[in-house]
Structure formats: structure tokens, C-alpha cells
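[1] Sharing a model prediction with you, sequence too.
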Amino acid sequence: MNVINLILGIVGGYLLGTLPSAIIVARAKGVDITTFGSGNPGASNVARAIGWRYGSIVFVLDAAKGAIPALLLIGHRPSAYICGAVAIVGHIFPATRGFKGGKGIATGAGVLLVLHPLIMIISAVSWIAIMKLSKKASVASIVVVPLVVVLLIVTGKPAWEIFAFIGIGLLIEVRHLSNIKRLLSGSEPPVSGTRG
């Protein structure tokens, strides 16, 4: 793997990750998503604000931010992991918005889709089921992250890939600490998704 290509992939992955999909989509409908609900610029909060149709659009756009750099470098798997992870970091900590971004679930899903599509499908079905049962997108996200690691272990993936996803997963879980606090206090908002 050419070092220059890797550097370009890292820079490009981060910049791609910073694209504010949720803010752009919500603003097009006249909503400042950073002041609505949890204030998180992500698919679930957009779904709460303007409906699941727009939340789904944001999810696809955010997933693409992780999938594109991973896919472009899939020929060298470690580089695909690095650049996909950097895209997640860009989404969570965008320099363009004071390092205040989303939670990383959708962008991480995009990386997982490229690297382990079957595990992504199982995780997506699990996320939907947990969300419908709990009525909380955050619960689904918090539970699915360790599920991905378990699936990687069960399916016999290389140790370095497992540890790579543990690192990514820990970052995503840390970003959900505020959700965990709200869940414990009973103030976490449900996902209604009745509009749009």
C-alpha cells in the first residue's frame, strides 16, 4: 500500500466524515436539528423531528461516509479499516463544527457493510427489532455495538479485525454516555417516526 495513498485516504476519509448530512437534510425542512430533541445531528433525531423518510435519508448519507473510504481501499484491508475509522472520527468530531458531531452508528454501519456485509445485515435486523421493542434508538445502538464484536468472534474473524472493531465500538459507546444517563433517569425520548 502506497503511503501517500493511505495519507490521502485518511485526510479524505476525515473530511468526508465531517459532512453534516443531518443538519443539511433537516435545514431543508426548516428545522435546526442541533436544537431539537437530543440535539444530536443524526438519523434518529431527524426521524423524531421530521419523520422516518428523512431519517432514513440521513442514515444512508451517513453510512456512505464510512462505506466510501473503506470501499476505495478494500484492496488493502488494514487501510480500509483505518480510513473507515477516520471517517467515523470525522463524523463524531468534525473540526468544521467545533468537534461536535453525531454518534457514529450510521457511519460505522457503512464501514461494516463494506468489510463484513453479512454481519451488517444481522446487526441491522437486530437494531430494528430492539428499537421497535424498546421504542428507543439509543438502546438499539448501545446493544448492537457489542453484538457486532460477538459476531466477529463467532464467525472466526482475525484477531486484529476484532480489536479494530472493539476500538471503534468503544468510541461509539462513549458518545452514547449522555443517552445512557437519560435512560437511567427515564428522560430519554422515544423514536416516534410517525411523520414524513
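    All right, it came through fine.

[2] Tell me where the protein has helices.
    For the chain, helices defined by DSSP state H occupy the ranges 3-17, 21-28, 43-50, 52-72, 77-92, 105-115, 117-134, 137-154, 159-175, 177-185.

[3] elements contacting the first one?
    Using 3 or more CB pairs under 8 Å, 6 or more residues apart in numbering; DSSP states H and E, the elements in contact with helix 3-17 are helix 52-72, helix 77-92. From N, CA and C alone the C-beta is placed, and that goes for glycine too.

[4] Quick check: which of these is nearest to G12?
    G12 lies closest to helix 52-72 among the helices and strands packed on helix 3-17, at 6.4 Å (CB to CB).

[5] Which strands and helices lie in contact with that closest one?
    With 3+ CB pairs under 8 Å, 6+ apart as the test, helix 52-72 has helix 3-17, helix 21-28, helix 43-50, helix 77-92, helix 105-115 packed against it.

[6] mind checking how far V174 is from G104?
    Distance of V174 to G104, given as CB to CB, to the nearest Å: 10 Å.

[7] nope, G90 is what I meant
    Distance of G90 to G104, computed by CB to CB: 10 Å.

[8] rewinding a little: among the helices and strands packed on helix 3-17, which is nearest A129?
    Of all these, the one in closest proximity to A129, counting by CB to CB, is helix 52-72 (16.0 Å).

[9] Can you lay out the helices and strands packed on helix 52-72 as CSV showing mean neighbour count and distance to K132?
    Output for the helices and strands packed on helix 52-72, formatted as CSV (neighbours: other CB atoms under 10 Å; distance: least, CB to CB, whole Å):
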stretch, mean neighbour count, distance to K132
helix 3-17, 17, 29
helix 21-28, 19, 22
helix 43-50, 26, 13
helix 77-92, 24, 25
helix 105-115, 26, 16
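
[10] Of the ones you listed, give the one that comes closest to L133.
    Closest to L133 of those is helix 43-50 (CB to CB; 15.4 Å).
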